[in-house]
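J.: Fold the following, please.
(one chain, ligands or ions: 1)
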Amino acid sequence: MSPEEMKAAAGKAAMAHVREGMRLGIGTGSTAEAFIAHLAEAVGDGLDITGVPTSERTARLCVEMGIRLESLDDVDELDLTVDGADEIDPNLNLIKGAGGALLREKIVAHASKRMIVIADDSKVVDRLGRFPLPIEVNAFGVETTRRAVEAVARDHGATGDIAIRTARKGESIVTDGGHLIVDASFGHISDPQALACALNAIPGVVENGLFLSMASLAIVAGETGVRELTVP
Ligand SMILES: O=C[C@H](O)[C@H](O)[C@H](O)COP(=O)(O)O
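T.: Numbering: from 1, shown residues only. Alright, predicted model coming up:
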């Protein structure tokens with residue numbers, strides 16, 4: 001299977017958990033978009049759900065594909081969120097945010113009774129940290145915040161770059177919330193919980209990309225098919 005076929009297979013398998021009438025958090029990224037394609041097909045066939053998107057990009061896609069959306073504040077609680085991830089560890093702790101959507105993704109997942117993460121095999125790791133950790137930061141005093149993030153990251157074993165994410169022409173990328181992203185390369189993260197607390201204690205940090213104890217199921221597609229991982 002190609003990576004695209006794996007994403008499509010994981011997205012399709014997630015549909016088995018979607019029920020009539022659900023209020024659904026809808027993730028961001030290429031794997032979430034594979035899920036959105038299957039969801040749109042089911043909606044076209046008469047499935048009645050309400051979606052809450054985790055990014056402007058996902059919102060646009062859903063509207064184009066005929067999926068009814070509401071704002072998070074108009075629904076009390078979501079039944080399920082389906083989203084992708086950059087890394088998944090054996091306890092289903094995640095790194096997210098390569099697409100810059102981590103803040104809305106975390107707000108939506110937190111408002112959901114259940115979160116299912118969908119991915120291809122390459123995202124499954126023994127320990128988090130091979131992928132740089134995205135950290136959403138306020139634009140005001142961004143270099144000061146980056147330095148504070150670097151100090152915390154080094155205290156927690158980071159060995160690589162701690163850098164403000166830039167787009168092609170060297171400009172910082174701006175998130176849907178008007179913030180910037182600092183990417184912190186660790187190698188591995190020995191205590192994700194302590195790191196998450198220390199990062200969020202820095203005033204300029206808006207949120208970090210560690211999603212700890214949020215997902216209860218991972219649907220992972222690989223060469224030999226799709227498997228489900230649960231928290232041991
Ligand atoms: O900000 C982006 C999100 O956290 C994505 O869900 C994550 O980066 C995975 O994206 P993809 O499915 O494209 O690898």
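
J.: does Ala14 sit in a helix, a strand or a coil?
T.: The three-state label given to Ala14 by DSSP: H, G, I helix; E, B strand; the rest coil is helix.

J.: same question, Ala194
T.: helix.

J.: Same check on Ile219?
T.: Judged by three-state DSSP, the three-state class of Ile219 is strand.

J.: What pLDDT does the model give it?
T.: Predicted confidence (pLDDT) for Ile219: 98.

J.: swap in the one 3 residues further on?
T.: Gly222 is assigned a predicted lDDT (pLDDT) of 96.

J.: How about Ser172?
T.: Reported pLDDT at Ser172 in the predicted model: 83.

J.: show me what contacts it?
T.: Ala139, Val142, Ile164, Arg165, Thr166, Leu180, Ile181 (Cβ atoms under 8 Å, 6 or more residues apart in numbering). No exception for glycine: its C-beta is placed from N, CA and C like everyone else's.

J.: Quick check on those: which are buried?
T.: Burial by neighbour count, judged by 16 or more other Cβ atoms under 10 Å, picks out Val142, Ile164, Arg165, Leu180, Ile181 from the contacts of Ser172.

J.: could those be laid out in TSV, adding pLDDT and distance to the ligand?
T.: TSV is the format used below for the buried ones among the contacts of Ser172 (pLDDT from 0 to 100; distance: Cβ to the nearest ligand atom, whole Å):
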residue	pLDDT	distance to the ligand
Val142	97	19
Ile164	97	16
Arg165	97	11
Leu180	97	14
Ile181	98	9
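
J.: Mark out where each domain of this protein begins and ends.
T.: What automatic domain parsing lists as the domains of the chain is 3-125+212-223, 133-207.

J.: what about the shortest one, how long is it end to end?
T.: Right, the one you point to is domain 133-207. Using Cα to Cα, to the nearest Å, the end-to-end distance of domain 133-207 comes out at 11 Å.
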